[in-house]
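[1] give me a 3D structure for the following:
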Amino acid sequence: MQEIRHQPVAPTSTRRLSSGDRIEAHRHDDHQIVYAGRGTIAVTTDVGSWVAPATRALWIPAGTAHRHQAHGELDLHLVGLPAAVNPLGLDRPAVLAVSPLLRELVVAYTRTPEDGGAARLRLRAVLLDQLTAAPEQPLRLPTPTSALLRELHDVLRADPADNRSLDELGRQLGAGARTLSRRLRDDLGLTYPQWRTQIRLHHALVLLADDTPVTAVAHRCGWSSASTFISVFRRTFGHTPGSTPAT
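    Numbers count the residues shown, from 1 in each chain. Okay, the predicted model is just below:
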């Protein structure tokens, strides 16, 4: 990630972004919570990428270089926290489940960031308390360090519906399935099916944010049927792709 802008203070604010809008690579001396109340936000760092719909928020630790991209019309809520305030105890980016209460706290806290009164301090205290109870979600798409896996990553990202076996893909890349499996385990800690599912889910979130029909999303992301896709999506996100999460 090149030409990283240094913005010492992580802002607390609400921004509206159009689909496709980007916030280029930057870093803060503060921690930041990134939440899309509408649409889907993608955040990319040197070590991986995360995609979060309205049921998820992103934790960006102080000093982490990152960039954003909006998918769908986006209401972006940003909460900056001093580096000394780390309710999660995390020094790496993470995706967090957002309960209806946490959602309302984040929206309220970012709506009037200039208000520094006692009521706002109480609101922040409750927000931090709710953050400590927000479970981390396994939605990171790690960036491979191996050149061979980066080639495989590019193939799968270009066409998430590619259903070729690891043997078949290995022949294209000039490597055996055993070698690729070992690299995946050592480099990313994932099996090939786990990694491919993560890639497909990330792509599915982007398509859904652009109002692509569920059946078309399932097909374009490589699931055998819409019902199979819906089952995987519900198990991962807690709701079906065609429904609106409770708020």
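
[2] can you show me the strands along this structure?
    Applying DSSP state E to the chain gives strands spanning 5-6, 13-17, 22-27, 31-44, 48-52, 56-60, 66-81, 94-97, 136-137, 140-142.

[3] pull the distance from the first one to the chain's centre.
    Yep, that's strand 5-6 we're talking about. Mean-position distance between strand 5-6 and its chain equals 21 Å (Cα atoms, centre = their mean, to the nearest Å).

[4] packing partners for it?
    strand 22-27 (3 or more Cβ pairs under 8 Å, 6 or more residues apart in numbering; DSSP states H and E). (C-beta placed from N, C-alpha, C; glycine too.)

[5] low-confidence stretches in the protein?
    For the chain, the stretches with pLDDT under 70 are 1-2, 113-116, 138, 242-247.

[6] so how many other residues sit close to Val98?
    Residues near Val98, counting by other Cβ atoms under 10 Å, number 27.

[7] how about the one 3 residues further on?
    Here the neighbour count serves as a burial measure; for Leu101 (other Cβ under 10 Å) it reads 12.

[8] for the closest residue to it other than its chain neighbours, which residues are in contact?
    Take Leu101 and drop its neighbours on the chain: the residue closest to it by Cβ to Cβ, 6 or more residues apart in numbering is Gln130, 6.1 Å away. Going by Cβ atoms under 8 Å, 6 or more residues apart in numbering, Gln130 touches 99, 101-102, 105.

[9] among the residues you listed, which lie within helices?
    Among the contacts of Gln130, the members found in helices (DSSP state H) are 101-102, 105.

[10] roughly how far does His71 sit from Thr12?
    23 Å (Cβ to Cβ, to the nearest Å).

[11] run through the bridge partners of the nearest residue to Ala57 once chain neighbours are set aside.
    The spatially closest residue to Ala57, leaving aside those adjacent along the chain, is Tyr35, at 4.1 Å (Cβ to Cβ, 6+ apart). Judged by DSSP bridges, the bridge partners of Tyr35 are Ala57, His77.

[12] heads up, I number from 165, so please use that
    Understood, numbering begins at 165; the last thing we discussed is Tyr199.

[13] residues contacting the spatially closest residue to His366 that is not a sequence neighbour?
    Spatial nearest neighbour of His366, chain neighbours left out: Val215 (4.7 Å); criterion: Cβ to Cβ, 6+ apart. Val215 sits next to 204-207, 235, 303, 305, 365-366, 369-370 when contact means Cβ under 8 Å, 6+ apart.

[14] looking at this structure, which helix is longest?
    From DSSP H, the single longest helix across the chain is helix 356-373.

[15] quick revisit: any idea what the residue nearest to His366 is bridged to?
    Ala206.

[16] count the residues that sit near Leu344.
    20.

[17] what's the answer for Leu254, then?
    By other Cβ under 10 Å, 14 other residues sit near Leu254.

[18] swap in Arg191?
    Arg191: 21 neighbours (other Cβ under 10 Å).

[19] same check on Arg275?
    Neighbours of Arg275 (other Cβ under 10 Å): 11.

[20] quick one: contacts for it?
    Going by Cβ under 8 Å, 6+ apart, Arg275 touches Thr178.

[21] mind giving me the domain split of the chain?
    Under the assignment automatic domain parsing, the domains of the chain span 169-304, 308-401.
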